[in-house]
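> Let me see the structure of the following:
(2 chains)
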Amino acid sequence: AQRVTQPEKLLSVFKGAPVELKCNYSYSGSPELFWYVQYSRQRLQLLLRHISRESIKGFTADLNKGETSFHLKKPFAQEEDSAMYYCALMGGGSNYKLTFGKGTLLTVNP
Amino acid sequence: EAGVAQSPRYKIIEKRQSVAFWCNPISGHATLYWYQQILGQGPKLLIQFQNNGVVDDSQLPKDRFSAERLKGVDSTLKIQPAKLEDSAVYLCASSPRTGRGYTFGSGTRLTVV
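Have a look, this model is predicted:
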């Protein structure tokens, strides 16, 4: 079974502070991991995926298979980063189903 | 490139009534998904189509929910009869055959009263 856990429902930081949104997963094979973001009144959109190993809007995430984690990090948070963040897992095979965590609401205060 | 289109944006119905949602995926995307997002939770897959065939409907409450994808393009999701616990945002997404390039629509917010 696939499972994604985001332990923090809410996370509040000040502008310029580092931010880390935690994500742990459970999957027996080699999954693909993603971070999705939903800004206020906008649709869900892909932020980054572990395969591409890129930094988007200053965010990075490293897949740690030993700890089964895929935490999202940014060294200096900006007010425009305030949004709902979802970690998601896609299992192997031809079923491209995404399993989402419950999400973390990030608020960056001025 | 046009995105995934969904309608209506909002719907309020009474319990035991019926409701239908429509989705038009990105042109050329073979795979279409319907997700249910209940307040405070992440999206949950209800059904996945590959062209016009069902790949996964294991989490679809088939006694009241149905979906179809005629001609492998547009899709409709129906609830009949609706229950209070069906209040949620219903998201449609599409992707090319390989699962890359997942794109979500804006969703339909359903309130059952």
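
> Touching, A:Pro7 and A:Ser69? I think so.
No: using C-beta atoms under 8 Å, A:Pro7 is not in contact with A:Ser69; the gap is 10.7 Å. To be clear about C-beta, it is placed using only N, CA and C from the backbone, and glycine gets the same treatment.

> Overlap of the contact sets of those two?
Listed contacts common to A:Pro7 and A:Ser69 are A:22, A:24; contacts here mean C-beta atoms under 8 Å, 6 or more residues apart in numbering or on different chains.

> who has more neighbours, these two?
Taking other C-beta atoms under 10 Å in any protein chain shown, A:Pro7 and A:Ser69 do not tie; A:Ser69 has more neighbours (17 against 11).

> That one contacts A:Cys23, doesn't it?
Yes: A:Ser69 is in contact with A:Cys23 according to C-beta under 8 Å; the separation is 6.4 Å.

> Check which helices and strands the helix or strand A:Glu20 falls within is in contact with.
Per DSSP states H and E: A:Glu20 is located in strand A:19-21. Judged by 3 or more C-beta pairs under 8 Å, 6 or more residues apart in numbering or on different chains; DSSP states H and E, strand A:19-21 is in contact with strand A:10-14, strand A:72-74, strand A:104-109.

> Pull out the buried positions in the next helix or strand after it.
Tracing the chain past strand A:19-21, the next element assigned as helix or strand by DSSP H and E is strand A:24-26. Residues of strand A:24-26 classed as buried: A:24-25 (neighbour count, 16 or more other C-beta atoms under 10 Å in any protein chain shown).
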